[in-house]
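Enquirer: below are the sequence and a predicted model; questions follow.
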Amino acid sequence: MSNYIELLKPRLSATVIFSCLAGYLLATPYLDFNLLVNLLIGGIAIVGASNGLNQVYEVEIDSLMDRTKNRPLPTKRISVNSALIFSLALALIGLFFLSKINFRCVFFAALSSLIYVVGYTPLKTTTPISGFIGAFPGAMPFMLGWVAVTNQFSLETGILFAIQFLWQFPHFWSIAWVRYEDYQKGGIQLLPSGYKDHKTAFQIVFYTFWLLPVSVAPLLLKYFSIDSRLELSLLGSVLIFVIGSGFLYQAFQLLKTKQNKDAKKLMIYSLIYLPLVQIIYIVDKYV
């Protein structure tokens, strides 16, 4: 059982589910226990299934890289067929629970999984554009929680989607920078230029820069008298802007030095940034 749990990439799955839960808490006017249970079970199952299918496809690649060579499939602790059947069954379970919420919820979850498995995964070894394609399913969880409650694709879902979409570029490119040599063993191309160079570092700065105004978009909308159910106070906006400025500073440091140590600092900062922003949004709503 521990091998199958490892197949689901529990740490990655946990961050995805937290984003989904954050979107739910921001949208809901009251706690609907039944909806929340369906959302969490369905979300965990879909994310786990996507991660499992990703490893089924990449079993040979994973066996070449130090970071992944000890996973259940390369070490043959689980057979490829068993992992495939388990992942597909988990996907069906996830879609079933999400279908009990609303159509848009199950549609976006299925679309996210499809893009991740048949789009992003095979393209990782052929083109750096895979990172851009992978950012779409990666940005779904935050907005999915909102859609589960409202059954609408609206301005608010667009903002939640955009925050997580833009965040992924400095996050995953900093990881790809740190693990560049290991990824080369598996032929994985994630950095936008293909190399740890100025072009890649510049694009990291570019996307991090635009993340700042998008992260405080609810306050900007209020300033321009645009109605939105997604609200953010001045204090919350200032906190997020300060945190984002630190994120941008780390990106500039990488642009300046091109050193692995600064890429690692950026990677760690990115892991802190997104959940912290989500927590600020939630606290700002309920306190």
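Expert: Okay, I see it.
Enquirer: in the protein, which helix is the longest?
Expert: For the chain, the longest helix by residue count, based on DSSP state H, is helix 260-286.
Enquirer: buried set for it?
Expert: Buried positions in helix 260-286, judged by neighbour count with 16 or more other CB atoms under 10 Å: 260, 262-267, 269-270, 273-274, 277-278, 280-282, 284-285. (C-beta placed from N, C-alpha, C; glycine too.)
Enquirer: which other helices and strands contact it?
Expert: helix 10-27, helix 155-178, helix 234-257 (3 or more CB pairs under 8 Å, 6 or more residues apart in numbering; DSSP states H and E).
Enquirer: what's the most buried one of those helices?
Expert: helix 155-178 (a mean of 23; mean count of other CB atoms under 10 Å).
Enquirer: with only the CA atoms kept, save that one in CSV.
Expert: In CSV, the C-alpha atoms belonging to helix 155-178 read as follows (Å, rounded to 0.1, in the frame of the first residue of the first chain):
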residue,chain,number,x,y,z
LEU,A,155,-14.1,37.0,-13.3
GLU,A,156,-13.3,35.6,-9.9
THR,A,157,-12.3,32.2,-11.3
GLY,A,158,-10.2,34.0,-13.9
ILE,A,159,-8.3,35.8,-11.1
LEU,A,160,-7.7,32.6,-9.1
PHE,A,161,-6.6,30.8,-12.3
ALA,A,162,-4.2,33.7,-13.2
ILE,A,163,-2.5,33.8,-9.8
GLN,A,164,-1.6,30.1,-9.9
PHE,A,165,-0.9,30.2,-13.6
LEU,A,166,1.7,32.9,-13.3
TRP,A,167,3.2,31.5,-10.1
GLN,A,168,4.1,28.2,-11.8
PHE,A,169,6.7,29.7,-14.1
PRO,A,170,9.2,30.9,-11.5
HIS,A,171,8.3,27.9,-9.4
PHE,A,172,8.9,25.1,-11.9
TRP,A,173,11.7,26.9,-13.8
SER,A,174,13.6,27.4,-10.6
ILE,A,175,13.2,23.7,-9.9
ALA,A,176,14.3,22.9,-13.5
TRP,A,177,17.3,25.2,-13.0
VAL,A,178,18.4,23.5,-9.8
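Enquirer: other SSEs contacting it?
Expert: Judged by 3+ CB pairs under 8 Å, 6+ apart, helix 155-178 is in contact with helix 10-27, helix 130-138, helix 140-150, helix 198-215, helix 217-223, helix 234-257, helix 260-286.
Enquirer: what sits up against stretch 141-156?
Expert: 16-17, 19-28, 32, 35, 39, 43, 47, 98, 101-105, 108-109, 112, 157-158, 160-161, 163-164, 221, 226, 228-230, 278 (CB atoms under 8 Å, 6 or more residues apart in numbering).
Enquirer: quick one, helices of the stretch 1-150 of the chain?
Expert: With helices called from DSSP state H, counting those that start in this stretch, the stretch 1-150 of the chain shows them at 2-7, 10-27, 33-57, 59-62, 80-99, 103-115, 121-123, 130-138, 140-150.
Enquirer: can you give me the buried ones in the first one?
Expert: It refers to helix 2-7. Neighbour-count burial for helix 2-7 [16+ other CB under 10 Å]: 4, 6-7.
Enquirer: what about it, average pLDDT?
Expert: Averaging pLDDT along helix 2-7 yields 92.
Enquirer: now the shortest one
Expert: Model confidence over helix 121-123 averages 94 on the pLDDT scale.
Enquirer: great, nothing more from me.
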